[in-house]
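Q: Predicted structure and sequence below. I'll ask about it afterward.
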Amino acid sequence: MWLTRSCRQSIATHARRLHAVRGSTNALTGRTKPRRWASYAKQADDDALFKCAVRIRARAIRRCGELLSTYNKGRGRPAQNGAGGDTITNRPISQREAAANAGLSRRQELTATRVAKVPEPEFDAAVESDSPPGAGALAKRGTARRPLLDLKGRDPEEFKLATQVQAHVDPLFKLCKTVDPTAVASGSFPGERAVLRKQIPIVDQWLRKFGRAIKQAGAGR
């Protein structure tokens, strides 16, 4: 397994400490015991080896995913990578079968293949950081995110705006078909009619401009 220099140094340092502690365990005295206890406490609070273990595990999972990705999800191993088939039945082995033969569950298989999809620079930066992420967090980075709707080239913000406007236009359309505007004017208070007189020209101008824009857009995409 490939190890970084920092991991190798941490392992060597802790190994020397453990060797020193073991060699002097039988010679503990009243004066040396407190120093040993302080040494134990310091080592217990040192997470350098834990971080190394997380990094080693992440790289092992990634390598597993890289190997599994050489198998097709359904029909078996691609021809350019060799036969890779079952020696008994002489048929290709699928990715799921290869993972099962290695003792991996479906979840472990998905985690490994997703970790393998994380771009190498991003993966290395994350794993060698001061707080290396676990396999689950790395798998999320390698999960393909598909848009919920194909906008067919439309700007997402414009699509969002169009959706909001259409949500108001449709009720207004139904209202205009069923409600007599004269009755609305008669049922309004003078102050309300004054506000409506200011609003209607703006709404009318906007609707006319909107109609021209729709006509120009045509019936394309």
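A: Thanks, I have the structure now.

Q: so which helix or strand takes in Thr70?
A: Counting by DSSP states H and E, there is no helix or strand that carries Thr70.

Q: Looks to me like Arg154 is in a helix.
A: No - assessed with DSSP: H, G, I helix; E, B strand; the rest coil, Arg154 is coil; it does not lie in a helix.

Q: Near it, how many other residues are there?
A: If you count neighbours by other Cβ atoms under 10 Å, Arg154 ends up with 13. (Glycine included, C-beta is placed from N, CA and C.)

Q: How much space separates it from Gln199?
A: To Gln199, Arg154 is 30 Å away according to Cβ to Cβ, to the nearest Å.

Q: what do you get for Pro92?
A: For Pro92, the distance to Gln199 - Cβ to Cβ - is 70 Å.

Q: can you list the domain ranges for this protein.
A: What automatic domain parsing lists as the domains of the chain is 5-141, 156-217.

Q: Which one of those has the poorest average confidence?
A: Among these, domain 5-141 carries the lowest mean pLDDT, at a mean of 75.

Q: related to what we said a few turns ago, looking at Pro92 and Gln199, which one has more neighbours?
A: Pro92 (18 against 10).

Q: Pairing partners for that one in the sheet, please.
A: Gly85 (DSSP bridges).

Q: and Asp130, what is it in contact with?
A: By Cβ atoms under 8 Å, 6 or more residues apart in numbering, the contact list for Asp130 reads Lys51.

Q: I meant to write Gly142 there.
A: Taking Cβ under 8 Å, 6+ apart as the criterion, Gly142 is in contact with 113-118.

Q: if you set the cut-off to 10 Å instead, what comes out?
A: By Cβ atoms under 10 Å, 6 or more residues apart in numbering, the contact list for Gly142 reads 62, 65, 110-119, 122-123.

Q: Now render those as TSV, adding secondary structure, neighbour count and distance to Asp170.
A: What follows is the contacts of Gly142, written out as TSV (DSSP: H, G, I helix; E, B strand; the rest coil; neighbours: other Cβ atoms under 10 Å; distance: Cβ to Cβ, whole Å):
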residue	secondary structure	neighbour count	distance to Asp170
Arg62	helix	23	50
Gly65	helix	24	48
Leu110	helix	17	42
Thr111	helix	21	45
Ala112	helix	25	48
Thr113	helix	23	45
Arg114	helix	21	42
Val115	helix	28	46
Ala116	helix	21	47
Lys117	coil	17	42
Val118	coil	21	44
Pro119	coil	10	44
Glu122	helix	12	44
Phe123	helix	20	48
